[in-house]
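A.B. asks: below are the sequence and a predicted model; questions follow.
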Amino acid sequence: MELSEIISEIRSFEGVRRKRVISSLVRRFLFQNSRIVASFGEDAAVIDYGDEVLLLAADGIWDRLMRADPEWAGYCAVLVNVHDIAAMGGEPLAMVDVLSISSAENCVKVSRGIQKAVEKFGVPVVGGHVHPNTDYDALDIAILGRAKKNSLILSSTAEEGDLLIYAVDLHGRIHPSFPLNWDSTTLRSSEEVKKQMECMRVLGERRLVTAGKDVSNSGLLGTIGMLLEVSIKGAVVNLESIPKPEEVPLSHWLKVYPGMGFILTAREENTEEVLKIFQRAGMRAEVIGF
């Protein structure tokens with residue numbers, strides 16, 4: 001596929017376009033408080049809490065995914081929230097959920113997916129709310145985490161001269177129920193996925209990266225765009241350097257939610273060590289731009 005065709009396809013991708021409404025909403029909720037360290041544009045809000053910071057985030061599941069596979073939707077709801085905390089160098093502590101459900105059958109499927117992910121990642125659901133007998137199925141989860149102040153990784157702090165790094169677990173498959181999802185975590189043990197997420201905490205504590213973000217359902221380029229937007233920077237991405245499964249076309253891979261995937265910026269002198277940390281956890285990591 002020609003570069004111009006890839007650009008056109010990404011620009012028209014629903015996973016990117018559906019993010020546009022965010023800017024108009026953010027303007028309504030700007031609120032200044034000395035305890036709020038960071039908020040909109042980050043994977044989680046950052047709240048000052050003594051020697052640490054609290055991380056607070058929420059994610060809702062795309063209705064397309066819920067219709068395609070309620071159990072996988074339940075699993076992914078936990079997956080995306082846990083990764084929002086991990087991406088900031090934090091430790092996920094607990095979650096609450098809001099479930100709107102149209103049938104007992106779908107309630108069982110969604111809750112089974114949530115349970116599997118809770119067991120996989122070791123982060124409990126400790127409360128929430130249920131709307132039974134609705135005309136639709138929807139799932140939203142909020143998560144609380146914590147991080148050391150000096151090891152926090154933000155999306156908004158990329159610097160001029162940084163290199164762009166993509167780390168992803170390629171030991172996986174396109175999920176059979178939803179072609180826009182790459183599934184690696186169900187094929188890994190709980191210990192393996194925790195080790196992979198731990199990479200971000202190590203990078204934060206050692207101050208090896210200047211910014212970072214987990215790759216969302218806007219895809220790799222969409223996520224890079226969001227990081228650059230809040231950092232007020234630009235970047236050049238080398239598409240040929242992007243790690244990907246051999247069997248997946250690049251044009252499709254760029255739109256896929258990779259599950260275990262992080263985009264980071266780092267100074268050139270730290271890049272080699274960043275790559276090694278991910279590689280030791282069984283992930284592919286490459287410099288893909290600047």
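C.D. replies: Ah, there it is. Small disclaimer: the values here were computed from a predicted structure and weren't measured.
A.B. asks: next SSE after the helix or strand bottoming out on mean pLDDT in the chain?
C.D. replies: Lowest mean confidence among the helices and strands of the chain (mean pLDDT, DSSP states H and E): helix 22-26, at a mean of 70. For helix 22-26, the following helix or strand on the C-terminal side (DSSP states H and E) is strand 36-38.
A.B. asks: domain map for the chain?
C.D. replies: Domain assignment for the chain, taken from automatic domain parsing, gives 35-150, 153-289.
A.B. asks: and those: which comes nearest I7?
C.D. replies: Of all those, domain 153-289 sits nearest to I7, with 9.2 Å by C-beta to C-beta. In this view, the C-beta of every residue, glycine as well, is placed from N, C-alpha and C.
A.B. asks: the closest one - what's its average pLDDT?
C.D. replies: Averaged across domain 153-289, the pLDDT comes to 97.
A.B. asks: and if you look at stretch 52-71?
C.D. replies: The average pLDDT within stretch 52-71 is 96.
A.B. asks: what about dumping the CA coordinates of that stretch to CSV?
C.D. replies: Presented in CSV, the C-alpha positions along stretch 52-71 are these (Å, rounded to 0.1, in the frame of the first residue of the first chain):
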residue,chain,number,x,y,z
GLU,A,52,3.2,9.7,46.3
VAL,A,53,0.6,10.5,43.7
LEU,A,54,-2.7,8.9,43.2
LEU,A,55,-3.7,7.9,39.7
LEU,A,56,-7.3,8.0,38.7
ALA,A,57,-8.7,6.8,35.3
ALA,A,58,-11.8,5.5,33.6
ASP,A,59,-12.5,3.7,30.4
GLY,A,60,-15.7,2.7,28.6
ILE,A,61,-15.9,-0.2,26.2
TRP,A,62,-16.6,0.5,22.5
ASP,A,63,-20.1,-0.6,21.7
ARG,A,64,-18.8,-2.4,18.6
LEU,A,65,-16.7,-4.6,20.8
MET,A,66,-19.5,-5.2,23.3
ARG,A,67,-21.9,-6.4,20.5
ALA,A,68,-19.2,-8.6,19.0
ASP,A,69,-18.1,-10.5,22.1
PRO,A,70,-19.4,-9.5,25.6
GLU,A,71,-17.0,-11.7,27.4
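A.B. asks: what are the buried residues along that stretch?
C.D. replies: Residues 52-59, 61-62, 65-66, 68-71 are the ones in stretch 52-71 that count as buried (16 or more other C-beta atoms under 10 Å).
A.B. asks: with stretch 187-199 instead?
C.D. replies: Quick answer for stretch 187-199 (16+ other C-beta under 10 Å): 188, 192-194, 196-197, 199.
A.B. asks: again, but for stretch 115-133
C.D. replies: Across stretch 115-133, burial judged by 16+ other C-beta under 10 Å covers 116-118, 120-121, 123, 125.
A.B. asks: so what touches it?
C.D. replies: Residues outside stretch 115-133 that contact it (C-beta atoms under 8 Å, 6 or more residues apart in numbering): 71, 74-79, 82, 92-102, 107, 114, 141, 143, 185-186, 190, 193-194, 197.
A.B. asks: ok, now with 7 Å
C.D. replies: Defining contact as C-beta atoms under 7 Å, 6 or more residues apart in numbering, one finds that stretch 115-133 is touched by 75, 78-79, 82, 92, 94-101, 114, 185, 190, 193-194.
A.B. asks: which of those residues are buried?
C.D. replies: The buried subset of the contacts of stretch 115-133 (16+ other C-beta under 10 Å) comprises 75, 78-79, 82, 92, 95, 97, 99-101, 114, 185, 193-194.
A.B. asks: among these, which lie within helices?
C.D. replies: Judged by DSSP state H, helices contain the following of these: 75, 78-79, 82, 114, 193-194.
A.B. asks: now do the strands in this structure.
C.D. replies: When secondary structure is read from DSSP state E, the chain shows strands at 36-38, 45-49, 52-60, 91-100, 125-131, 138-148, 163-168, 173-174, 182-183, 211-214, 261-266, 284-289.
A.B. asks: let's have those in CSV, adding distance to F29.
C.D. replies: CSV is the format used below for the strands of the chain (distance: least, C-beta to C-beta, whole Å):
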stretch, distance to F29
strand 36-38, 11
strand 45-49, 11
strand 52-60, 13
strand 91-100, 19
strand 125-131, 21
strand 138-148, 16
strand 163-168, 30
strand 173-174, 36
strand 182-183, 32
strand 211-214, 21
strand 261-266, 26
strand 284-289, 32
